[in-house]
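K.L.:
model this:
(2 chains)
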Amino acid sequence: MFLEQLINGVTLGSIYAIVALGYTLVFGVLDIINMAHGEIFMFGAFVGMLLVSKAGVPLPVAFLGAIAVTGAMGFLLERAALRPLRSRPGASNLASLISTIGVSILLENAAHRIFGAGNHPFETPFAEIRFPVGPVNVYLVQVLILLISLLLMAGLALWLSRTRGGKALRATAEDLTTAGLLGVDTDRMITVTVVIASAMGGVAGVLIGMAFNYINNQIGLSMGLKGLAIIIFGGMGSVYGAMAGGLILGLSETFVVAYGSSGYRDAIAFVIIIGVLLVRPQGLFGQAAPGTGH
Amino acid sequence: MRGDRTDAKRRWSDWAQWGAALVLFAAVPLLGKKHFVNMGNEILVMGLFAMGFNLLYGVTGMLSFGQAAYYGVGAYTVGLLLSKGVAPFWVALPATMVAGGALALILGPLCIRLSGVYFTMLTLAFAEMVWGIVFKWYAFTGGDNGIQGIPMPDALRTPLRYYYFTMAIVFLSFWLIRRIVDSPFGAVLQSIRENPERVGFLGVKVRRYQLSAMVLSGVFAALAGGLFAGYQHSIHPDMLHWTKSGEVILMSILGGVSSFFGPLMGAAVIVFIEDMIGKYTEFWEIWIGGIMLAIVIFFPRGVIGTIHTWVSHWRKHGEHADTAARP
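P.N.:
Numbers count the residues shown, from 1 in each chain, chains lettered A, B, ... in the order given. Sure, this is the predicted structure:
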């Protein structure tokens, strides 16, 4: 029982971590919270569902499809809602917060209109395959989700730390103006960041579909709020904070549901936020106390 | 340069705005349709909610994304006290203000530990918790069924009487808000918006003022919620949901956060849009999202604010021509 819940928690937590990473990347570079990220995640889930359950294509193609669609959405989001505000002097971060909220309302209702309000089954051909590992049964889906999440996180960490593009992105995150003066095409880096973050959201959407076997048009909102909770208590802009925070939330939700009541599932994220922020206002992995400085 | 003439001019345009608003709202029932009275009522209530929110955002520079919690707590104060027969409406309505202020005194100190986007996210998180409690606590709040058939006193039974009652309360609140903004206290709030650090260096206890702004804003939001509960006779947890907080932000930025009546104008525009688009499609929220995006990008100072800038720009040019012509 305990081991099975542990595996469930880690699986769920790794998906949360990927969603939270999408927020963190954008926040690190632009200092804004992309409120439309949850809805982009949801579109990834729907594209995956259409490709797997309706078109019957193999899973890797579904992932590619979700990445293509959500990446394109990220590109459009940057062009339509973020770039016009950036070129304006004196526009505060709150303006882009509000413009992304606008996009999120737009996307949520568009999804409601296109896909309807009910649950859509997300059928994977190997949903029932499981094998015993010691005393517990492990589902193949769980192994796949974990593998894909770990690959994605390792790939992102490597790209950020080892490649020229990653270096340019870190420089842009450190100081936009200086990076621009030193020859980094910051506008391009910002676009790349938003596209990568959105595509990660798309992958997470397909993974959530695989994990729960159904999706609906509410998952964007609930996942968006959880992702926000994670980056707040993990520490805004911290890549490791997002990963650790995702795991903490996934594990605590799973255990509270298993040993307590499922009614409290969605409240846990907020209880953790309040608990962590009372002790460490900058979050678990945050550098300095936010807001007290500049 | 700012002489008595501009002061007098400002005072005159102030009187004109108040007069126009009063006459317009007082005349709504003369249109003779029940539908317009309902819409007027909603505009007044949402206008009060938005003006109270603007005390926090436009005046003090704190973007709260959790105002729906106060609005909803006000509505549930009226709903619970009346439906359980604990207190009459005349006691329940002032009690909403106590409840809203008390909630802000509990949540405020936790939220103002952080600023900027962090503050915004904390207010959202706490509001979601309050919503979760109301939504799940069936035995006390009725859960997602809400509360129906809230009994109202005889004096306020007809929509018309309730409309004028709402109007009186709302305009009294507007007057109070105006007094607050124009007071020395309001001046400190505005300087905190401009530069909290420097105000702190001057020896002002910034957080105490920020908390006061949160409490005042919560009081007016709760009063608006209480008025809405009395007019609708039924309430629902959706009143506390984050979309309601988003709606009030939208109203304020649409009308313009830097003009006093801006949020009220924004509320009027949104209520009209919801009413018009709502007739044709249930997906009116798509339009809200699109409008929100367009406003931030094309009218960063709000529609009223942008028009105001144009007018004052045009006026300034006129005055320049005046003084240039004089010897």
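
K.L.:
for B:R207, give me its contacts.
P.N.:
B:R207 makes contacts with B:I112, as judged by CB atoms under 8 Å, 6 or more residues apart in numbering or on different chains. Heads up, the C-betas are built off the backbone N, CA and C, glycines and all.

K.L.:
where's it, which helix or strand?
P.N.:
helix B:206-232 (DSSP states H and E).

K.L.:
for that helix, buried residues please.
P.N.:
B:206-207, B:209-232 (16 or more other CB atoms under 10 Å in any protein chain shown).

K.L.:
do the same with stretch A:207-226
P.N.:
For stretch A:207-226, the buried set under the neighbour-count rule, 16+ other CB under 10 Å, comprises A:207-211, A:214-217, A:219-221, A:223-226.

K.L.:
any idea how far A:F270 lies from A:K226?
P.N.:
Going from A:F270 to A:K226 by CB to CB, to the nearest Å gives 10 Å.

K.L.:
one step back: check the buried residues of stretch A:207-226 against chain B, which are close?
P.N.:
A:L225 (CB under 8 Å from any CB of the partner chain).

K.L.:
of the buried residues of stretch A:207-226, closest to A:S87?
P.N.:
Of all those, A:G224 has the smallest distance to A:S87: 26.9 Å, by CB to CB.

K.L.:
got the contact list for the closest residue in space to B:L56 that isn't next to it in sequence?
P.N.:
Of all residues beyond its chain neighbours, the one nearest B:L56 is B:S217 (4.1 Å), with distances taken as CB to CB, 6 or more residues apart in numbering or on different chains. Contact analysis of B:S217 by CB under 8 Å, 6+ apart lists B:G52, B:F53, B:L55, B:L56, B:S64, B:Q67, B:Y70, B:A104.

K.L.:
just put those in TSV and tack on neighbour count.
P.N.:
TSV is the format used below for those (neighbours: other CB atoms under 10 Å in any protein chain shown):
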residue	neighbour count
B:G52	27
B:F53	27
B:L55	25
B:L56	27
B:S64	31
B:Q67	34
B:Y70	35
B:A104	27
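
K.L.:
return the subset of these lying in helices.
P.N.:
B:G52, B:F53, B:Q67, B:Y70, B:A104 (DSSP state H).

K.L.:
from the residues you listed, which two are the most distant?
P.N.:
It's B:F53 and B:A104 that sit farthest apart of the ones in helices among the contacts of B:S217, by CB to CB, at 12.3 Å.

K.L.:
my guess is A:L106 meets A:G220, correct?
P.N.:
No. In this structure A:L106 lies outside contact range of A:G220 using CB atoms under 8 Å: 11.8 Å.

K.L.:
touching, A:G48 and A:A204? I think so.
P.N.:
No. Contact criterion CB under 8 Å: A:G48 and A:A204 do not qualify, at 10.2 Å.

K.L.:
ok, these two, which is more surrounded?
P.N.:
Remark: of A:G48 and A:A204, A:A204 carries more neighbours, 33 against 30, as counted by other CB atoms under 10 Å in any protein chain shown.

K.L.:
A:G56: neighbouring residues, count only.
P.N.:
Neighbours around A:G56, by other CB under 10 Å: 9.

K.L.:
confirm that it sits in a helix.
P.N.:
No. Per DSSP: H, G, I helix; E, B strand; the rest coil, A:G56 lies outside any helix segment and is coil.

K.L.:
what are the phi and psi values at it?
P.N.:
phi 70, psi 30 (degrees, to the nearest 10).

K.L.:
taking the stretch 51-200 of chain B, what residue is nearest to chain A?
P.N.:
The nearest approach of the stretch 51-200 of chain B to chain A comes at B:S115, 3.5 Å away (CB to the nearest CB).

K.L.:
shouldn't that residue be within a helix?
P.N.:
No. Using three-state DSSP, the assignment for B:S115 is coil, not a helix.

K.L.:
can you check the pLDDT for it?
P.N.:
On the pLDDT scale, B:S115 is placed at 80.

K.L.:
B:P196 is in contact with that one, correct?
P.N.:
Yes. Counting by CB under 8 Å, B:P196 is a contact partner of B:S115 at 7.1 Å.

K.L.:
where do the contact lists of those two overlap?
P.N.:
Between them, B:S115 and B:P196 share no contacting residue, judged by CB under 8 Å, 6+ apart.

K.L.:
flag every residue of the stretch 51-200 of chain A that's near chain B.
P.N.:
Close to chain B, as judged by CB under 8 Å from any CB, the stretch 51-200 of chain A has residues A:80-81, A:84-85, A:88, A:91, A:93-99, A:101-110, A:112-113.

K.L.:
out of those, list just those in strands.
P.N.:
Counting by DSSP state E, those place none of their members in strands.

K.L.:
of these, grab the buried ones for PyMOL.
P.N.:
For the buried members of those, the matching PyMOL selection, counting by 16+ other CB under 10 Å, is:
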select buried, chain A and resi 81+84+85+91+93+94+95+96+97+98+99+101+102+103+104+105+106+107+108+109+110+112
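
K.L.:
ok so, going back, now the ones in helices among the contacts of B:S217 as CSV including pLDDT and distance to B:G132?
P.N.:
Converted to CSV, the ones in helices among the contacts of B:S217 look like this (pLDDT from 0 to 100; distance: CB to CB, whole Å):
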residue, pLDDT, distance to B:G132
B:G52, 95, 23
B:F53, 96, 22
B:Q67, 95, 17
B:Y70, 97, 16
B:A104, 96, 19
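
K.L.:
okay if I get the residues you listed as CSV plus distance to B:Y280?
P.N.:
Shown next, in CSV, are the ones in helices among the contacts of B:S217 (distance: CB to CB, whole Å):
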residue, distance to B:Y280
B:G52, 32
B:F53, 29
B:Q67, 29
B:Y70, 33
B:A104, 39
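
K.L.:
closest to B:V91 out of those residues?
P.N.:
B:Y70 (19.2 Å).

K.L.:
the strand or helix carrying A:I272: how far from the chain's middle?
P.N.:
Secondary structure from DSSP H and E places A:I272 in helix A:268-279. Offset of helix A:268-279 from its chain centre (CA atoms, centre = their mean, to the nearest Å): 19 Å.

K.L.:
likewise for stretch B:96-113?
P.N.:
Computed by CA atoms, centre = their mean, the separation of stretch B:96-113 from the middle of its chain amounts to 16 Å.

K.L.:
any buried residues in it, and which?
P.N.:
B:96-97, B:99-101, B:103-104, B:107-108, B:110-113.

K.L.:
alpha carbons of that stretch, as CSV, please.
P.N.:
Extracted as CSV, the C-alpha positions of stretch B:96-113 are listed here (Å, rounded to 0.1, in the frame of the first residue of the first chain):
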residue,chain,number,x,y,z
THR,B,96,-21.0,42.3,6.0
MET,B,97,-18.6,45.2,6.5
VAL,B,98,-17.4,43.8,9.8
ALA,B,99,-16.9,40.4,8.2
GLY,B,100,-15.0,41.7,5.2
GLY,B,101,-12.8,43.8,7.4
ALA,B,102,-12.1,40.9,9.7
LEU,B,103,-11.2,38.6,6.8
ALA,B,104,-8.8,41.2,5.5
LEU,B,105,-7.3,41.6,9.0
ILE,B,106,-6.6,37.8,9.0
LEU,B,107,-5.4,37.4,5.4
GLY,B,108,-3.8,40.8,5.0
PRO,B,109,-0.8,40.4,7.3
LEU,B,110,0.1,37.1,5.5
CYS,B,111,-0.2,38.7,2.0
ILE,B,112,1.7,42.0,2.6
ARG,B,113,4.8,40.1,3.6
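
K.L.:
can you name the residues in contact with it?
P.N.:
In contact with stretch B:96-113 (CB under 8 Å, 6+ apart) are residues A:274, A:277-278, A:281, B:62, B:64, B:66, B:69-70, B:73-75, B:77-78, B:119, B:122-123, B:126, B:130, B:207, B:210-211, B:214-215, B:217-223, B:225-226.
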